[in-house]
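# Just need the structure, nothing else, for what follows:
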Amino acid sequence: HLAMSLPLPSERDHLRPRIDLIVFMIDIKSKYSLKNVEASLAHVDARFFLGKVCFLVTGVGRLNYCSVEMNAICKLGETYCSPVLFCELELEGIRVSTAQRLVRMLKICAGLVPGVSALSFGLLMRNFADD
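Next comes the predicted model:
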């Protein structure tokens with residue numbers, strides 16, 4: 001399910017499926033995109049930041065058109081203890097591999113991968129990024 005921002009409308013709460021993973025998309029060419037994500041973060045339950053949130057940064061193949069500071073995006077990941085993924089959606093191979101990675105993350109967050117929890121996966125992602 002896609003939403004342009006949070007909070008989600010409450011009138012359909014009873015029909016909404018369980019939320020296992022929240023992916024905040026940030027378009028590197030749009031300051032509005034980052035501001036929208038920052039405003040939406042206040043509406044996320046703190047428990048989700050234990051491995052069930054990630055930031056997906058798009059448009060990284062065009063850094064010369066960048067309107068958003070990379071440091072600001074990396075700081076979001078650090079502040080919310082959440083992984084930051086970078087991709088270029090216009091390149092099919094990268095788009096496919098990013099989609100596969102997100103599906104794998106979703107399966108882990110939904111508890112469908114035995115022996116791996118969302119929290120342990122989040123820690124692995126952070127430790128891997130630090131290396």
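
# going forward, measure contacts between C-alpha atoms and count neighbours the same way
Fine.

# all helices for the protein, in order.
Using DSSP state H, the helices of the chain run over 31-41, 70-79, 92-109, 118-130.

# in this structure, which helix or strand is least confident?
Scoring the helices and strands of the chain by mean pLDDT, DSSP states H and E places helix 118-130 at the bottom, with a mean of 63.

# Can you flag the weakest of the helices of the chain by average pLDDT?
Lowest mean pLDDT within these: helix 118-130, at a mean of 63.

# Quick check: the gap between the nearest residue to residue 113 once chain neighbours are set aside and residue 38.
Nearest in space to residue 113, with sequence neighbours left out and distances taken as C-alpha to C-alpha, 6 or more residues apart in numbering, is residue 107 at 6.3 Å. From residue 107 across to residue 38, the span is 26 Å (C-alpha to C-alpha, to the nearest Å).
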